[in-house]
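Student: sequence? don't have it. structure:
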């Protein structure tokens with residue numbers, strides 16, 4: 001009887017370990033369904049919905065065994081809110097980035113960091129940045145950017161489960177106030193938790209939930225570090241997607257804040273759509289299976305870069 005119990009216990013523990021380390025469609029969907037639910041009211045900075053999202057992220061970090069960087073998961077800052085043309089009263093709100101940490105295992109390389117991030121805020125009830133600025137309605141932001149936040153959680157969970165194999169350390173950041181002008185990432189790069197010289201790459205995911213039938217994953221910045229173009233192209237067939245690899249064309253999301261500090265970047269998205277910045281950016285339109293492929297691809301890329309022995313060097317764009 002004791003042997004049977006021990007076998008059953010070992011089997012259960014093994015199943016738990018596998019479940020915790022795997023990127024799954026179920027967990028991707030669960031994260032998006034929560035973050036983009038109507039009760040979150042669009043996760044606008046400084047609102048209860050935004051705060052609930054931040055608390056949810058901390059809960060998931062703890063569940064995955066991801067530590068805070070220092071004494072708190074929160075990096076608080078003041079955000080200036082965008083207003084419609086002609087409005088002179090500019091509001092300010094308190095909001096926060098959510099930051100986690102996975103220490104690398106190599107005695108030397110653990111002092112180098114790869115940042116992986118996604119913004120978790122959205123437009124609330126609409127406003128200045130909405131494509132329907134006169135419509136007052138919940139903008140759920142399922143693709144923008146509950147999808148990127150869900151990918152951040154799933155990739156980070158698997159990284160934490162396999163941290164013994166990571167040479168470099170990983171900083172995980174869910175940014176707030178991206179929609180107000182990349183404010184969360186700007187604040188982090190102006191108030192970094194480690195010297196910027198030790199951040200060797202920033203990976204950003206913004207709108208990664210609407211993969212098309214051709215299985216395209218678009219990215220910018222692949223040439224901003226040595227060997228990036230070759231690596232990102234090579235991983236496509238392995239994962240079963242068709243990456244569209246741009247050398248630079250870094251776009252307009254949170255990775256730009258890092259690129260401006262001469263840090264290599266990779267910015268990922270699955271393309272635009274008519275529901276962008278409208279109340280119709282609904283969770284039911286997310287391609288969950290496609291997003292899992294995105295997560296698998298980015299996880300593989302991150303781990304290969306984190307474990308390379310040679311330095312990760314910034315390669316600036318040569319303007320013609």
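Tutor: Sure, I can see it. Just so it is clear, the structure is predicted and the values come from calculations on it, not from any experiment.

Student: Toward the C-terminus, what is the element adjacent to the longest strand out of those in the chain?
Tutor: Criterion DSSP state E: the longest strand present in the chain is strand 92-102. Counting by DSSP states H and E, the next helix or strand C-terminal to strand 92-102 is strand 113-119.

Student: quick one: average pLDDT of that next one?
Tutor: Strand 113-119 shows a mean pLDDT of 98.

Student: ok, now stretch 64-82?
Tutor: Per-residue scores along stretch 64-82 average to 96.

Student: List the buried residues in that stretch.
Tutor: 64, 66, 69, 73-75, 77, 79, 81-82 (16 or more other C-beta atoms under 10 Å). In this view, the C-beta of every residue, glycine as well, is placed from N, C-alpha and C.

Student: so can I have TSV of the residues you listed showing secondary structure and distance to residue 138?
Tutor: Formatted as TSV, the buried residues of stretch 64-82 follow (DSSP: H, G, I helix; E, B strand; the rest coil; distance: C-beta to C-beta, whole Å):
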residue	secondary structure	distance to residue 138
64	helix	29
66	coil	30
69	coil	32
73	coil	26
74	strand	25
75	strand	27
77	strand	25
79	strand	20
81	coil	17
82	coil	18
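
Student: Return the closest of those with respect to residue 100.
Tutor: residue 66 (4.0 Å; C-beta to C-beta).

Student: That closest one against residue 155, yeah?
Tutor: No: under the criterion of C-beta atoms under 8 Å, residue 66 makes no contact with residue 155, lying 11.2 Å away.

Student: ok so, going back, list the buried residues in the longest strand of the chain.
Tutor: Applying 16+ other C-beta under 10 Å to strand 92-102 flags 93, 95-102 as buried.

Student: Make JSON lines out of the buried residues of stretch 64-82 and add distance to residue 146.
Tutor: JSON lines is the format used below for the buried residues of stretch 64-82 (distance: C-beta to C-beta, whole Å):
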{"residue": "64", "distance to residue 146": "18"}
{"residue": "66", "distance to residue 146": "19"}
{"residue": "69", "distance to residue 146": "23"}
{"residue": "73", "distance to residue 146": "19"}
{"residue": "74", "distance to residue 146": "20"}
{"residue": "75", "distance to residue 146": "21"}
{"residue": "77", "distance to residue 146": "22"}
{"residue": "79", "distance to residue 146": "19"}
{"residue": "81", "distance to residue 146": "21"}
{"residue": "82", "distance to residue 146": "20"}
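
Student: Other residues contacting stretch 248-264?
Tutor: 115, 117-119, 175, 178, 182, 184-186, 188-189, 196, 199-204, 206, 220-221, 223-225, 228, 265-267, 269, 312-317 (C-beta atoms under 8 Å, 6 or more residues apart in numbering).

Student: Which residue would you name as the spatial centre of the chain?
Tutor: The chain has residue 118 as the residue nearest its centroid, 2.8 Å off, counting by C-alpha atoms, centre = their mean.

Student: low-scoring stretches of the chain, by residue?
Tutor: For the chain, applying pLDDT under 70 flags the ranges 1-20, 320.

Student: quick one, helices of it?
Tutor: 2-21, 25-35, 48-64, 148-161, 183-190, 228-239, 255-259, 288-306 (DSSP state H).

Student: possible to save those helices as JSON lines with distance to residue 131?
Tutor: Output for the helices of the chain, formatted as JSON lines (distance: least, C-beta to C-beta, whole Å):
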{"stretch": "helix 2-21", "distance to residue 131": "39"}
{"stretch": "helix 25-35", "distance to residue 131": "20"}
{"stretch": "helix 48-64", "distance to residue 131": "20"}
{"stretch": "helix 148-161", "distance to residue 131": "19"}
{"stretch": "helix 183-190", "distance to residue 131": "20"}
{"stretch": "helix 228-239", "distance to residue 131": "31"}
{"stretch": "helix 255-259", "distance to residue 131": "21"}
{"stretch": "helix 288-306", "distance to residue 131": "23"}
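
Student: just so I know, which of those helices lies nearest residue 109?
Tutor: For residue 109, the closest of the helices of the chain is helix 288-306, at 8.3 Å, according to C-beta to C-beta.

Student: ok, and for stretch 270-283, which residues are buried?
Tutor: 270, 273, 275-281, 283.

Student: Oh, that last question was meant for stretch 312-320, not what I typed.
Tutor: 312, 315.

Student: who touches that stretch?
Tutor: Contacts of stretch 312-320 (C-beta under 8 Å, 6+ apart): 112, 200-201, 223-226, 228, 247-248, 262-264, 305.

Student: any chance of the residues you listed in JSON lines, with distance to residue 38 too?
Tutor: Output for these, formatted as JSON lines (distance: C-beta to C-beta, whole Å):
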{"residue": "112", "distance to residue 38": "42"}
{"residue": "200", "distance to residue 38": "40"}
{"residue": "201", "distance to residue 38": "36"}
{"residue": "223", "distance to residue 38": "42"}
{"residue": "224", "distance to residue 38": "39"}
{"residue": "225", "distance to residue 38": "41"}
{"residue": "226", "distance to residue 38": "46"}
{"residue": "228", "distance to residue 38": "40"}
{"residue": "247", "distance to residue 38": "41"}
{"residue": "248", "distance to residue 38": "39"}
{"residue": "262", "distance to residue 38": "42"}
{"residue": "263", "distance to residue 38": "37"}
{"residue": "264", "distance to residue 38": "39"}
{"residue": "305", "distance to residue 38": "38"}
